[in-house]
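Visitor: I'll drop the sequence and a predicted model, then ask my questions.
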Amino acid sequence: MKTGHRRSSPKRITWLLAALSPLCCGGSHKTASKSPPIPPCHEQGVGVWTRVASLGQSRFMPAAAVLRDGRVLVSGGQAARVPFDAPPLNSAEIYVPGRDAWEPTGSMGEGRVGHQLVALPDGRVAAFGGGSSSVEVYTPATGTWAPLAWAPTFRAGAAILPAPGGRVAVVGGDEVMRPGALEEYLRPTTMTALLDPARGTWEDGPAIPVSRDIAIGAATDNGSLVVFGGHYYRAPWFKWELFGDRPGPISRMTPGIGWWKPGTREWTLVSWPRAYSGKGGAAAPLSSHEVLILAAQGDELGNRAAAVFDTATGRWTRTPPMSIERVNAIAVAWRPGCVLVVGGSTPSAPMELYSSQQRAWQQLPAPPLGAARIAVRLSDEAVLLLGDDDHPQDAYRYTAVPGSASPHAARTSSPRSSRSDVR
């Protein structure tokens, strides 16, 4: 695949897709150092929220990634939610949990907002998207950024996932067709592009079965990738209005999920266990081979629905529904067998914890930032929550308190488990 020239996306495209794309940072269960044994998540009790040091500056829609040493890198964003056309930030800063302090670090080569940061196997961090087709990497040892590669085509709303062999997969998303022309529009794509960060080169990956814009994805330790959600287009072409914007093709909800099987180079389309659409959902790895998927729209369960997909067998396990309806929530892989779900509802909505061992949800204290867009796992006992739209400089830490009692009854009852084979 040839590398392309940079093509700037119109601001309205950047803002629309950034606003609709959840910025969840579930990450992996791996840590830089071994931790002492801790109780299973359903036995750890209820934790507490604590306000921590504020970011060095307000950041609306930044990106975050956890470094190998446990520090948290935050970059880009916008100084305020309005005006929407304010220039994106290129600055970055690092949170040091042990000192509860933010430290400035090197700036990116260009400003980004609504982008994604991906931790690489060698300890560096790559920045994708945010209004640019360039990819640049951050080196923690030097605190500096450097350009890595240009994306083959400009795409927004793609799922950016760690792939086997140390590569990074850019899956689906919207191509900007005829940028700058009167007939400019977005077209969901089936493309998968694989970046080798060690060489800074791209190659074509297998196409996903159905095109997806605003794709949501997760990667498991066994080498599987899962993507879902979004829309696809179908001929004949029709014009449609997008917030009064220019015309584009007709689109429909994308069915099922795309599954990259371990040890292969192909995607398989897998049906939902029910009529879930996946729009506005979230996903996080639950174990080395399982992914918890929150489907924001679907059958009679609405956006309380959730299910576990086993990437080793291609089977679904239905879970009890969440206690409240959520859309564009954040799912955080806290530890093996445990996923925290934050936000996506009213500001006072409780956080929820799913335990695969009990196959049950437990309500936990509501986060102080009910509309936060970023949550990252600090350790097996702590999660960092970054500012919401109205408080873009605030940060809070949730810490588990073993043996504490829950103010909400743990939802331990589970409906009859139902599995569906991949056809």
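Guide: Thanks, I have it. Residues are numbered from 1 along each chain as shown.

Visitor: Any regions of this structure where pLDDT drops low?
Guide: Low-confidence segments of the chain (pLDDT under 70): 1-45, 176-185, 231-254, 274-279, 296-302, 403-423.

Visitor: ok, residue 124 touching residue 139?
Guide: Yes - if you go by Cβ atoms under 8 Å, residue 124 and residue 139 touch, sitting 5.4 Å apart. Every residue, glycine included, has its C-beta placed from N, CA and C.

Visitor: need the helices for this protein, in chain order.
Guide: For the chain, the helices defined by DSSP state H occupy 11-20.

Visitor: circling back: residue 124 and residue 139: who's more crowded?
Guide: residue 124 (20 against 14; other Cβ atoms under 10 Å).

Visitor: Could you find the closest non-adjacent residue to the more buried one?
Guide: residue 137 (4.8 Å; Cβ to Cβ, 6 or more residues apart in numbering).

Visitor: contacting residues for that neighbour?
Guide: For residue 137, the contact set (Cβ atoms under 8 Å, 6 or more residues apart in numbering) comprises 120, 124, 125, 126, 127, 145, 146, 148, 197.

Visitor: show me what contacts the nearest residue to the last one once chain neighbours are set aside?
Guide: Taking Cβ to Cβ, 6+ apart as the measure, residue 197 lies nearest to residue 120, with 5.1 Å between them; neighbours along the chain are not counted. For residue 120, the residues meeting the contact criterion (Cβ under 8 Å, 6+ apart) are 126, 137, 166, 168, 197.

Visitor: phi, psi of the last one?
Guide: Right, residue 197. phi -70, psi -20 (degrees, to the nearest 10).

Visitor: isn't it right up against residue 168?
Guide: Yes - contact criterion Cβ under 8 Å: residue 197 and residue 168 qualify, at 6.4 Å.

Visitor: which neighbours do these two share?
Guide: Residues touching both residue 197 and residue 168 (Cβ under 8 Å, 6+ apart) are 120, 126.

Visitor: re the thing from before, which one among the contacts of residue 120 gets closest to residue 190?
Guide: Using Cβ to Cβ, residue 168 comes nearest to residue 190 of these, at 18.0 Å.

Visitor: if I look at the closest one, how far off is residue 268?
Guide: To residue 268, residue 168 is 21 Å away according to Cβ to Cβ, to the nearest Å.

Visitor: Please identify which of the two sits among more neighbours.
Guide: residue 168 (22 against 15).

Visitor: Surely that one touches residue 200?
Guide: No - using Cβ under 8 Å as the test, residue 168 is too far from residue 200 to be in contact (11.4 Å).

Visitor: And residue 266, its phi and psi?
Guide: phi -150, psi 150.

Visitor: Tell me what the residue nearest to residue 124 is bridged to.
Guide: Counting by DSSP bridges, residue 137 is bridged to residue 126, residue 146.

Visitor: Tell me how far it lies from residue 125.
Guide: 7 Å.

Visitor: Repeat that for residue 65.
Guide: 5 Å.

Visitor: Identify the contacts common to these two.
Guide: Shared contacts of residue 65 and residue 125, defined by Cβ under 8 Å, 6+ apart, are found at 73, 117, 118, 119.

Visitor: and the end-to-end length of stretch 356-368?
Guide: End-to-end distance for stretch 356-368: 26 Å, by Cα to Cα, to the nearest Å.

Visitor: no, scratch that, I was asking about stretch 133-146
Guide: Distance across stretch 133-146, first residue to last, is 14 Å (Cα to Cα).

Visitor: buried stuff in it?
Guide: 133, 134, 135, 136, 137, 138, 140, 145 (16 or more other Cβ atoms under 10 Å).

Visitor: likewise stretch 53-63?
Guide: Quick answer for stretch 53-63 (16+ other Cβ under 10 Å): 55, 56, 58, 59, 60, 61, 62, 63.
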